[in-house]
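Asker: what's the 3D shape of this:
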Amino acid sequence: MSVGSKLGRISRRDLFRVAGTYGMSSTLLAAGTFGGAMSLANLASAAESTYDKRFSKPAKHTLKFGAAGFNARNLLIERAGALEFARDLEARTDGEIRIEFIGDNQICGQLSCVEKTQQGIIDIYAASTQNSAGGAPYLNVLDYAFMFPGRASQYYFLYSPESQRILRDPLEKRHGLKFLFSHCELRGIQLGLGWSDRPTVTKLEQLFGTKNRVTGTQLGRIAMKALNLNPVPVAWEETLDGLKQGLIDGAETWASAVAYANMSPVVSQSVDLKFFCGTEHTSMSASVFDSLEGPLQDAVMESAYWAQAHVQAANEAALVKTVGFSDPQLPGTIFVENDVRPAFLPASEIKLAEEMCSPEFQPQLWQEWRDRLNGWAGGIDTYQEIYDIARRVPADMKPENVEPRRWWKG
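Answerer: Take a look at the predicted model:
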């Protein structure tokens, strides 16, 4: 049984058998309520109960939720909150909103979910903001290098009323998307098996000249070029093969992404460079949101707030207890079982990286994109404003200690 798998002895074939009777959404929502391994009979019983409750009356609105490659199993590794949001919204609206959850890349992938939401094919999506930046370039606003000193500052910003003005409103106005909530990690370099026999990375210069996969983010490439990390665009779905075959030295992503995507067997070191955001977010079509009655809009926002608070606590726990991204590492975690070593760089090396690539120290590298993003946001200085907000909490604050706030209430 894979670490973090709550489906235990349930095979993919069995899962589809149950889903054939009760629907995939009811089956996945039921699976998400189990705390440990379960039997086929238990899953079927839970799916039946979930189905009966969800379909006890007709829904006013059925919303399609395209969740890229996520499912009940891997959402226990990277706690992105997609199923929790769906379950809470259905319960909160007493079934007036029903969510059709479609994960496992069945309706959209990391790069295409945003566009399918904009096209009206799906109503809600979950994918990283970096991969979604291709279809919604304003999402690049989160990706200035070293703008966030830690995960606590990321959560603090997302909860802040200023996030409405700086992130959410321009995104909605420009791209028709309502940013609901996000998991928060910071990106590093995940080195392939060619680094398994090398010492654990302790200095930035050990990474110079390596060839690394980059996401859809345009700003991430600026940082990688400045750090001599040779960004190579590789689709998320092809990254595992690229690492396995040695076509790339590493990939820029974050620890729980390595674990949930079953990339751990081909990664040897997870270097915590934390040079820009890794944010697996959930957004909704703004026009679909606007079409809902007022009380249902309120319910969407409350469920988004609840999901954000859940993700904040659950992902911090999962990083240590499920992924193994800690020093020392806990036995039985995904990284330990696959011989993945976290490489936590000293503060002096992080500072060196910051001086090499951040807008604070290398403003000329960012000016074109900074002007563009500032223009889209109505003329504010996007980088400086987010940078300042991110430093209202101590750099070493535990992320789980950030106070949740309803950002839209000011």
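Asker: now do the buried residues in the strand or helix carrying Ala47.
Answerer: Ala47 is part of helix 40-54 when elements are defined by DSSP states H and E. Of the residues in helix 40-54, those buried under the neighbour-count criterion (16 or more other C-beta atoms under 10 Å) are Leu40, Leu43, Ala44, Ala46, Ala47, Glu48, Thr50, Tyr51, Arg54. From N, CA and C alone the C-beta is placed, and that goes for glycine too.
Asker: least confident of these?
Answerer: The lowest pLDDT within the buried residues of helix 40-54 belongs to Tyr51, with 71.
Asker: residues contacting that residue?
Answerer: Tyr22, Gly23, Ser26 (C-beta atoms under 8 Å, 6 or more residues apart in numbering).
Asker: wait, the first one touches Glu48, no?
Answerer: Yes. At 6.0 Å, Tyr22 and Glu48 qualify as touching, with contact defined as C-beta atoms under 8 Å.
Asker: next up, the contacts around Val300.
Answerer: Contacts of Val300 by C-beta under 8 Å, 6+ apart are Leu89, Ile97, Leu180, Met284, Phe289, Leu292.
Asker: looking at those, which are in strands?
Answerer: Taking DSSP state E, the ones among the contacts of Val300 that sit in strands are Ile97, Leu180, Met284.
Asker: out of these, who's the most crowded?
Answerer: Using other C-beta atoms under 10 Å as the neighbour test, these are led by Met284, with 24 neighbours.
Asker: wait, that residue sits on Ile122?
Answerer: No. Using C-beta under 8 Å, Met284 is not in contact with Ile122, being 9.7 Å away.
Asker: in the helix or strand hosting Thr21, what counts as buried?
Answerer: Remark: Thr21 resides in helix 12-22, with elements defined by DSSP H and E. Residues Leu15, Val18, Ala19, Tyr22 are the ones in helix 12-22 that count as buried (16+ other C-beta under 10 Å).
Asker: tell me what angle the next helix or strand after it forms with helix 12-22.
Answerer: Note on helix 12-22: by DSSP H and E, the next helix or strand toward the C-terminus is helix 24-31. Using axes from the mean of the first three to the mean of the last three C-alpha atoms, to 10 degrees, the inter-axis angle of helix 24-31 relative to helix 12-22 is 120 degrees.
Asker: what would the buried residues of helix 40-54 look like in TSV with distance to Arg405?
Answerer: Formatted as TSV, these follow (distance: C-beta to C-beta, whole Å):
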residue	distance to Arg405
Leu40	42
Leu43	37
Ala44	41
Ala46	34
Ala47	36
Glu48	39
Thr50	31
Tyr51	35
Arg54	31
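Asker: could you tell me the end-to-end distance of stretch 319-332?
Answerer: Taking C-alpha to C-alpha, to the nearest Å, stretch 319-332 runs 13 Å from one end to the other.
Asker: could you list the buried residues of it?
Answerer: Across stretch 319-332, burial judged by 16+ other C-beta under 10 Å covers Leu319, Thr322, Val323, Gly324, Phe325, Gln329.
Asker: so how far is it off the chain centroid?
Answerer: From the chain centre to the centre of stretch 319-332 is a distance of 19 Å (C-alpha atoms, centre = their mean, to the nearest Å).
Asker: over to stretch 83-102?
Answerer: Stretch 83-102 has its C-alpha centroid displaced from the chain centroid by 20 Å (C-alpha atoms, centre = their mean).
Asker: quick one: buried residues of it?
Answerer: Buried, per 16+ other C-beta under 10 Å, within stretch 83-102: 83-90, 92-93, 95-102.
Asker: stretch 246-255 now?
Answerer: Ile248, Asp249, Gly250, Ala251, Glu252, Thr253, Trp254, Ala255.
Asker: could you say which helix or strand holds the first one?
Answerer: Mapping Ile248 onto the secondary structure by DSSP H and E places it in no helix or strand at all.
Asker: do the same with the fourth one
Answerer: With elements delineated by DSSP H and E, Ala251 resides in strand 250-253, which encompasses its position.
Asker: which residues are contacting that strand?
Answerer: If you take C-beta under 8 Å, 6+ apart as the criterion, strand 250-253 is touched by 187-192, 195, 207, 210-215, 220, 224, 229, 231, 234, 239, 242-243, 263, 271, 278.
Asker: restricted to strands, list the residues you listed.
Answerer: Checking the contacts of strand 250-253 against DSSP E, those in strands are Gly188, Ile189, Gln190, Leu191, Gly192, Asn212, Arg213, Val214, Pro231, Val271, Gly278.
Asker: ok, the residues you listed vs Pro170, which is closest?
Answerer: If you rank these by distance to Pro170 using C-beta to C-beta, Gly278 comes first, at 21.1 Å.
Asker: ok, now which ones touch the nearest residue to that closest one once chain neighbours are set aside?
Answerer: Excluding the flanking residues, the one nearest Gly278 by C-beta to C-beta, 6 or more residues apart in numbering is Trp254, at 3.5 Å. Trp254 is in contact with Glu185, Leu186, Arg187, Gly188, Gly278, counting by C-beta under 8 Å, 6+ apart.
Asker: and these, which is closest to Thr117?
Answerer: So of these, ranked by how close each gets to Thr117 (C-beta to C-beta), first place is Gly278, at 20.5 Å.
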